[in-house]
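In: have a look at this fold, sequence not included:
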């Protein structure tokens, strides 16, 4: 058996305003991603709208999510959140190097 | 919509040799758990044997996993690993307060 260890903190640097997406695992209707946000935000009035539950954890840094309807949610290191299907949201702001762990439960969709 | 934020670092203390399991999300054939290990280990010659892929991340602390066959894998903060179905393994040792994030992809089983 080949055991492959990887670290979630590797190669996290990047230009401001940028986001890096890295798929860590894709299996059985689940996708686990690392996203590194460099002081980035979703353009105003642009929303993520997913058909499935998305679970997010801020591993490092901080971020503010905005939900359609006006609710703003501040997430700091270690905070996690399940975003229900079709809860329209955008990233309003992030720290200079914010690392997310995101579990997309696409089996539901 | 009710947004509920929780922190993965909350209430992590416990007695040595102990493990605390907390389910953070269960949805669509996926279970996300936080496990806090307090210098704990699986009894010798006892193995976890799951029918599905288990994805683990050491959020804080460190641990050594042993696989049936003798392979030992040291995991430090930020290290993650996908444990294939039926890869028999045990926790050989952990730090005094090691926090795991575990994604059980039971939809596969």
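Out: Thanks, I have it. Nothing here was measured: the structure is a model prediction, and the numbers come from that model.
In: I'd like to know how far residue A:58 sits from residue A:80.
Out: Separation of residue A:58 from residue A:80 (CB to CB, to the nearest Å): 7 Å. (Each C-beta comes from the backbone N, C-alpha and C, glycine too.)
In: residues in chain A within reach of chain B, list them.
Out: A:1, A:3-10, A:24-25, A:27-30, A:32, A:52-53, A:55, A:57, A:59, A:67, A:69, A:71, A:73, A:75-82, A:84, A:87, A:101, A:103, A:105, A:107-108 (CB under 8 Å from any CB of the partner chain).
In: narrow these to those in strands?
Out: A:6-7, A:24-25, A:27, A:30, A:32, A:55, A:57, A:59, A:67, A:73, A:75, A:79-82, A:101, A:103 (DSSP state E).
In: any quick ChimeraX command for the buried ones out of those residues?
Out: To isolate the buried members of these in ChimeraX, using 16 or more other CB atoms under 10 Å in any protein chain shown:
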select /A:24,25,27,30,32,55,57,59,67,73,75,79,80,81,82,101,103
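In: wait, what's in contact with the residue lying closest to residue A:12 once chain neighbours are set aside?
Out: Nearest residue to residue A:12 in three dimensions, chain neighbours excluded: residue A:36, at 4.8 Å (CB to CB, 6 or more residues apart in numbering or on different chains). Counting by CB atoms under 8 Å, 6 or more residues apart in numbering or on different chains, residue A:36 touches A:12, A:14, A:19, A:20, A:22, A:97, A:98, A:99, A:100.
In: kindly confirm my reading that residue A:36 is in a strand.
Out: Yes: using DSSP: H, G, I helix; E, B strand; the rest coil, the assignment for residue A:36 is a strand.
In: model confidence for it, exactly?
Out: Looking at residue A:36, its pLDDT is 96.
In: beta partners of it?
Out: Counting by DSSP bridges, residue A:36 is bridged to residue A:20, residue A:99.
In: repeat that for residue A:91.
Out: residue A:65.
In: in chain A, what secondary structure element scores lowest on mean pLDDT?
Out: Sorted by mean pLDDT, DSSP states H and E, the helices and strands of chain A end with strand A:6-7, the least confident at a mean of 91.
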